[in-house]
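> sequence? don't have it. structure:
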C-alpha cells in the first residue's frame, strides 16, 4: 500500500485523541470558540458604550479550552475540531471532537547520581496520556471552572476576563467551587491513523494515493452518520376559551419548542400527514429551499436516510414527583392514566438522520413540518417547495432550544 501522510506523521510530537461530548446548550454560545473578545467578556461599541455583557457566557469549545489549559497546559494541545458545530441554544446528547495533545513530561532521576540534592541530575521522559485520565481530568475542571459573576464593568485596559478567572483560581481551590455540569466528556480514545471505508474508493482501479481504501481520520469529514432529534411540546384547547394548561413548562423551558393553541382553531398536530410530507425529504435532494443564510457548503445537495415524526402523551416529571410524595396508588402513576395533565398535552419528536447537513437545514425542515401538521401546508406543497430551490418559498425557522444532536457515527470506530 502506498504511503499516506497521516495526522500522526504530520504532528509527531502530538497524539490525536477523539472525545464524545455532551452539553446543555441553553446557556452556551454554541460550540465554536468566539475568541477572548467574543465570550466571557464585555463587548464595547466604538464609542466605548457597552454593546453586550457576556460575562459568564461562553462557548462549549471555550470552556473545553479552559479545562485543557489547566490539565495539560495551554501550549501542549492544538487542533480542536468538532464533527458538528451547533448553534447557540442547541443541545448535544453525543457530539464528537478531536484534539492533538502532547505527551506528559516527567522528570526522572538518573541511576548512580550523587546523594547530594544539589548534584542530582535528571532526565526528562514523556508519557502518553491515557484516554481515561483525560476524561476524568477534563471533567473535573469542566465542572468546577467558575463563570465570572455579573459585576461592574471593568476598565478597558484590564486583561481579558477569561484570563482573570484562570489566574485567580488555583487548582487546590477547585475542590471548593460549586459544580457546573453544562458540558461533560462521555468517553475518549486514541484516534486511528486511517479509517475505512473510503466511500469514493473504486475497486476497479489500483489502490494508490489518489484511490485509497481508507482515509486519514478527521472527526468532521470521516463522520458517516449524524442523528438529530427535535422536541416539540404541543398542547391545544378542545374548544375556544377553554383553560390553558402549562403543566411542567418550567422544567422544559429551554429544551423544547413550546406550541400552544388556546383558541381551539387547530387542535392536535396531524402526525400522519407530517410523516407523508417528511417522506419527500428522504434520499438525495437539493435542499436550497431549506439552506440557512451564510451556509459555506459548496453544494446544497445532500442525502437524508430517515425523517420520521413520533407523538406520545406528555407526562413530564409528574410521575416521579407523585411517587416521591408518597402516593399509594403507584399503579396509576406507572400507567399515567390518572395524572393531572390533560390528554391534550403531547410530546412531538422529529428524528432526522443523514451523513451531513446544511446550515440550519434541520430547523428549517422542522418549521415546515409543523406548518403541515397545523394544516397550513400539504405534503404536495412540501414537494413543490423543494423543487423551487428558493429559501423564500419555505416557512421560517424553528427555534434552537428544541434541537438535540443525538449521535455522530464514524463507521465501525466506536468509543
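Everything's here; your move. A quick note: this is a predicted structure, and the numbers were derived from the prediction, not measured.

> in the stretch 151-300 of the chain, which spans are helices?
Along the stretch 151-300 of the chain, the segments classed as helices by DSSP state H, counting those that start in this stretch run 161-168, 271-278.

> residues contacting the closest residue to residue 192 other than its chain neighbours?
Closest residue to residue 192 apart from its sequence neighbours, by Cβ to Cβ, 6 or more residues apart in numbering: residue 217 at 5.2 Å. Yep, even glycine has a C-beta here, placed from its N, CA and C like the rest. Taking Cβ atoms under 8 Å, 6 or more residues apart in numbering, we find residue 217 in contact with 6-7, 16, 18, 98, 191-195, 410, 413.

> Then residue 273?
372-373, 378-379.

> Low-confidence ranges, this structure, go.
The model of the chain has pLDDT under 70 over residues 1-12, 106-125, 147-179, 196-214, 237-249, 262-266, 316-343.

> domains of it?
7-108+116-216, 225-409 (automatic domain parsing).

> re the thing from before, show me which of the contacts of residue 217 are buried.
6-7, 16, 18, 98, 191-192, 194-195, 410 (16 or more other Cβ atoms under 10 Å).

> Looking at those, which one is closest to residue 228?
Closest to residue 228 out of the buried ones among the contacts of residue 217 is residue 410 (16.7 Å), distances taken as Cβ to Cβ.

> and the closest one, bridged to which residues?
Beta bridges link residue 410 to residue 413, judged by DSSP bridges.

> pretty sure it is touching residue 221, no?
No - in this structure residue 410 lies outside contact range of residue 221 using Cβ atoms under 8 Å: 10.3 Å.

> show me the residues around residue 294 that make contact.
Taking Cβ under 8 Å, 6+ apart, one finds residue 359 in contact with residue 294.

> do you know how far it is from residue 391?
The gap separating residue 294 from residue 391 is 11 Å, by Cβ to Cβ, to the nearest Å.

> again, but for residue 359
11 Å.

> repeat for residue 192
According to Cβ to Cβ, residue 192 and residue 391 sit 39 Å apart.

> Kindly report the same for residue 58.
Taking Cβ to Cβ, one finds residue 58 at 31 Å from residue 391.

> And for residue 86?
From residue 86 over to residue 391 (counting by Cβ to Cβ), the distance is 21 Å.

> When these two are compared, which one has more neighbours?
Using other Cβ atoms under 10 Å, the more surrounded residue of residue 86 and residue 391 is residue 86, with 23 against 18.

> Helix, strand, or coil at the residue lying closest to that one once chain neighbours are set aside?
Once flanking residues are discounted, residue 86 sits nearest to residue 31: 4.9 Å by Cβ to Cβ, 6+ apart. Here residue 31 is coil, with the state taken from DSSP: H, G, I helix; E, B strand; the rest coil.

> Residue 31: neighbouring residues, count only.
By the criterion of other Cβ under 10 Å, residue 31 has 26 neighbours.

> What of the one 10 residues further on?
The number of residues packed around residue 41, counting by other Cβ under 10 Å, is 23.

> Would you mind measuring from it to residue 217?
From residue 41 to residue 217 the distance is 34 Å (Cβ to Cβ).

> ok, residue 261 touching residue 267?
Yes - here residue 261 reaches residue 267: they are 7.2 Å apart, a contact under Cβ under 8 Å.

> ok, and the closest non-adjacent residue to residue 308?
The shortest distance from residue 308 to any non-neighbouring residue, by Cβ to Cβ, 6+ apart, is to residue 351 (5.3 Å).

> Mind giving me the packing neighbours of the helix or strand hosting that neighbour?
Assigned by DSSP states H and E, residue 351 belongs to strand 345-354. Applying 3 or more Cβ pairs under 8 Å, 6 or more residues apart in numbering; DSSP states H and E, we find strand 345-354 packed against strand 225-236, strand 301-313, helix 361-373.

> Please point out which parts of stretch 274-293 sit buried.
For stretch 274-293, a neighbour-count test (16+ other Cβ under 10 Å) marks 274-278, 280-282, 285, 287-291 as buried.

> Tell me the one among the residues you listed nearest to residue 74.
residue 291 (37.2 Å).

> bridging residues for residue 349?
Taking DSSP bridges, one finds residue 231, residue 310 as the beta-bridge partners of residue 349.

> My guess is it contacts residue 228. True?
No - taking contacts as Cβ under 8 Å, residue 349 lies outside contact range of residue 228: 10.6 Å.

> Could you check which of these two has the larger neighbour count?
Each of residue 349 and residue 228 has its neighbours counted (other Cβ under 10 Å); residue 228 has more, 25 against 16.
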